[in-house]
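S.K.: Quick one, fold the following:
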Amino acid sequence: SFLKALQLTEGYATGIRLMLDEMAANGSEPPVFSTNEERTFFEVEFKRHPAFEGMGVSPLAEILNKPSFPNPLSEEERSEFAALIPSISLAGIGMIRNLSGKWKYSRKELLLAANLANHSDSVKRHIEPLVLSGILALTNPESPRSPRQKYQLTEYGERLAQYLFEQNITSDDQVND
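M.R.: Residues are numbered from 1 along each chain as shown. Model prediction:
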């Protein structure tokens with residue numbers, strides 16, 4: 001109630017006390033709280049746990065940008081994908097690299113992932129070829145022109161994405177657009 005009287009907190013049950021207690025029990029250093037003079041915002045800095053020092057933990061951005069794939073590609077798949085790559089547009093490469101097979105994407109989201117305008121010509125040039133080649137699947141194949149239509153990477157598309165990441169092929173590497 002002392003902090004509340006000084007208008008340093010808005011109420012109880014914020015979870016901060018629990019977080020501090022758990023961090024202490026874990027052996028972590030306490031977090032560093034900072035704010036501006038007007039107290040319009042605050043930041044919390046969490047220090048790395050001492051047990052992880054010197055373990056070469058990758059930065060979060062590096063981890064997030066390198067998806068993990070459970071099964072290695074066969075030589076047959078590698079050959080097939082190597083032959084397929086030249087037929088895929090730059091935008092198609094960008095879409096495949098930026099999508100996850102777990103999610104369903106609207107036409108607008110797919111085109112945004114490839115930095116393309118939401119226009120029917122973009123769909124014909126970049127999305128439809130991926131659908132026809134089995135890389136993308138329609139979530140509602142009975143109504144291909146439905147405004148609610150979504151697209152999803154197929155298992156084949158996921159394997160192709162794995163190949164693109166393993167070979168470090170980006171949309172900047174292609175010149176067939």
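S.K.: Identify each buried residue in stretch 73-83, please.
M.R.: 73, 77, 80-81 (16 or more other Cβ atoms under 10 Å). (Glycine included, C-beta is placed from N, CA and C.)
S.K.: average pLDDT across that stretch?
M.R.: Taken as a whole, stretch 73-83 has a mean pLDDT of 95.
S.K.: residue ranges of the strands in this protein, please?
M.R.: Here the chain has its strands, by DSSP state E, at 32-35, 42-45, 105-106, 136-138, 150-153.
S.K.: dump the residue contacts of Asn26.
M.R.: Counting by Cβ atoms under 8 Å, 6 or more residues apart in numbering, Asn26 touches His49.
S.K.: can you rerun that using 10 Å?
M.R.: 49, 51 (Cβ atoms under 10 Å, 6 or more residues apart in numbering).
S.K.: ok, Gln162 - how many residues close by?
M.R.: Per other Cβ atoms under 10 Å, the neighbour tally for Gln162 reads 19.
S.K.: ok now do the closest residue to it other than its chain neighbours, which residues does it touch?
M.R.: Counting by Cβ to Cβ, 6 or more residues apart in numbering, Gln162 lies nearest to Phe69, which is 4.3 Å off, once chain neighbours are set aside. Residues near Phe69 by Cβ under 10 Å, 6+ apart: 158-159, 161-163, 165-166.
S.K.: Lowest average pLDDT across the strands of the chain?
M.R.: Ranked on mean pLDDT, the bottom entry among the strands of the chain is strand 42-45, at a mean of 86.
S.K.: Give the partner strands of it in its sheet and their orientations.
M.R.: When pairing is defined by DSSP bridges, strand 42-45 lines up against strand 32-35 (antiparallel).
S.K.: Name whatever forms a beta bridge with the nearest residue to Leu130 once chain neighbours are set aside.
M.R.: Using Cβ to Cβ, 6+ apart and skipping the chain neighbours, the partner closest in space to Leu130 is Leu136 (4.3 Å). Counting by DSSP bridges, Leu136 forms beta bridges with Leu153.
S.K.: which ones are touching Leu136?
M.R.: Shown in contact with Leu136 (Cβ under 10 Å, 6+ apart): 92, 95-96, 99, 101, 105, 110, 127-130, 151-154, 156-157.
S.K.: Please apply the same query to Gln149.
M.R.: For Gln149, the contact set (Cβ under 10 Å, 6+ apart) comprises 104, 106-107, 138-141, 143.
S.K.: With Ala137 instead?
M.R.: Counting by Cβ under 10 Å, 6+ apart, Ala137 has contacts 101, 104, 130-131, 150-157.
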